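Peer 1: Here is the input, now give the coordinates:
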Amino acid sequence: MDFTPTEEQTAAQGLAARIFRDLSTHERLVAAGTGSDTELWKELCAAGLTAAVEEIGLLGLVLLLEEQGRVTAQVPFASSCVYGLLAVAEHGTDEQRERLLPALRDGTEVAAGAFPARGGIRADGEGRLSGSVPYVPWLRDASLVLVADAEHGLWIVRTDGPGVRTEPVETTAPWSAARLVLDGAPGERLGGAGAHEEEQAEATPAYEEGRAYEDRRAREDVRTREDARACEDARACEDARACEDARAYERVLAVSRIAFAGLQAGVCAGSLALAVAHTNTREQFGRPLSTKQAVLMRAADAHMDTEAIRVTAYEAAWRRDTGLPYRRQALTAAWWASEAGKRVVHAGQHLHGGTGADLDHPVHRHFLWGRQLDAHLGCGSEVLQELGELLASVEEPVRAAATEEGAE
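Peer 2: Numbering: from 1, shown residues only. So this is what the prediction gives:
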């Protein structure tokens, strides 16, 4: 494993750090309230940082999100890159890429994601979606939202389309969130009809014939071998589409977990930096707080937790960029971001003493972001359960094969 950033990734990270540091000031964050900083978003897009994500990969995006997290910049950077740029680039059709990516690159279109799937959205046979999602981060800023239905199908929905309603909600962190309500809203399937159906275009008539067969099989016996073959083709096509949907959903969810883990690493680093600056200047009994052993140990533990979040996010992103399996690593990074992340932001606030209780102090903003990220896309216990189930599903066939070998 080699997480050393490329020259392009380093340059993009440096540029992002400068823009975030110069423009995401405490005064501007206070003025933004719970909304996004539109001027900062325009500056990031004009600098080409959103467009650069396709070239610098997921590891590059993680580096950029670290810089955003350090200053808790209120822009839909993670959301639009993960659920827009990367999702469409990897899973969209050629026509979707050509139509959607240019506007996502220059920031004129912003994407949000209704993730993970909680069973609240249903799709009918005509691609119309109904249901609701309690809150979707940055939905107030979005023109597109990537929706995962109950069957893990992925749909692109325009927020200004018919049957779509958004209701602003306040979350722990000021993420410009809203409740998403769909009532027969038209959705565009990410990937169109599905890659499998495109590859099996010659089988489409058989698929349609098989669907018709499925509808009447309760009333008729199988009279010809051709009917039976058509039915089998239909089932195979439906199974392949469901498998493709599930695979795309899992990949988008894994990428989002890695990206938000990178954001959490930045939030924790920013909180710790504020705590270090405070304890170095604040004196007690004639000595800086940073010379006290208890303070040193608390800060050291927070530093190690921050590094654990960072390195697991880097590994997962690196594996994805190099074409290696990365779902387990994504869950590992998400677990560290949840469990270690909340420890760090609590430590950051604790090390500020009474100052940390001030709701207007910058460290409190890091605390709010850290707690929001703690439960985003699944809290630590949920992620751990999912990781355990994944590991068990992989180990069981191996164990069974070993048992058979021993019996022979």
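Peer 1: okay, CA-based contacts and neighbour counts for the rest of this
Peer 2: Noted.
Peer 1: the helices in the stretch 101-250 of the chain, which residues?
Peer 2: Counting by DSSP state H, counting those that start in this stretch, residue ranges of the helices within the stretch 101-250 of the chain are 195-199, 204-216, 225-281.
Peer 1: among these, where is the model least confident on average?
Peer 2: The weakest mean pLDDT among the helices of the stretch 101-250 of the chain belongs to helix 195-199, with a mean of 37.
Peer 1: low-confidence ranges in the protein?
Peer 2: 193-241, 395-408 (pLDDT under 70).
Peer 1: Okay, strands next: where are they in it?
Peer 2: Using DSSP state E, the strands of the chain run over residues 111-114, 121-123, 128-136, 144-148, 154-158, 164-168, 178-186, 188-189, 283-284, 287-288.
Peer 1: Could you report the neighbour count for the nearest residue to Ala375 once chain neighbours are set aside?
Peer 2: Among residues not flanking Ala375 along the chain, Ser338 sits closest, at 6.5 Å (Cα to Cα, 6 or more residues apart in numbering). Using other Cα atoms under 10 Å, Ser338 has 27 neighbouring residues.
Peer 1: Then Pro174?
Peer 2: 24.
Peer 1: Return the most buried member of the strands of the chain.
Peer 2: strand 111-114 (a mean of 27; mean count of other Cα atoms under 10 Å).
Peer 1: Sheet partners, orientation included, of that strand?
Peer 2: strand 144-148 (parallel) (DSSP bridges).
Peer 1: which other residues reach the strand it pairs with?
Peer 2: 83-84, 109-117, 121, 139, 154-159, 249 (Cα atoms under 8 Å, 6 or more residues apart in numbering).
Peer 1: Same question for stretch 303-312.
Peer 2: 261-262, 264-265, 268-269, 272, 329-330, 332-333, 336-337, 340-341, 343-344.
Peer 1: From those residues, keep the buried residues only.
Peer 2: For the contacts of stretch 303-312, a burial check counting by 16 or more other Cα atoms under 10 Å picks out 261-262, 264-265, 268-269, 272, 329-330, 332-333, 336-337, 340-341, 343-344.
Peer 1: From Ala248, how far off is the residue nearest to Ala375?
Peer 2: With distances taken as Cα to Cα, to the nearest Å, Ser338 is found 24 Å from Ala248.
Peer 1: again with His26
Peer 2: When His26 is compared with Ala248 (using Cα to Cα), they lie 39 Å apart.
Peer 1: So between those two, which is more surrounded?
Peer 2: Ala248 (20 against 16).
Peer 1: Can you name the residues that contact the residue nearest to Ala185 when sequence neighbours are not counted?
Peer 2: Once flanking residues are discounted, Ala185 sits nearest to Gly163: 4.4 Å by Cα to Cα, 6+ apart. The contact partners of Gly163, taken as Cα under 8 Å, 6+ apart, are 182-186.
Peer 1: Alright, calling it a day.
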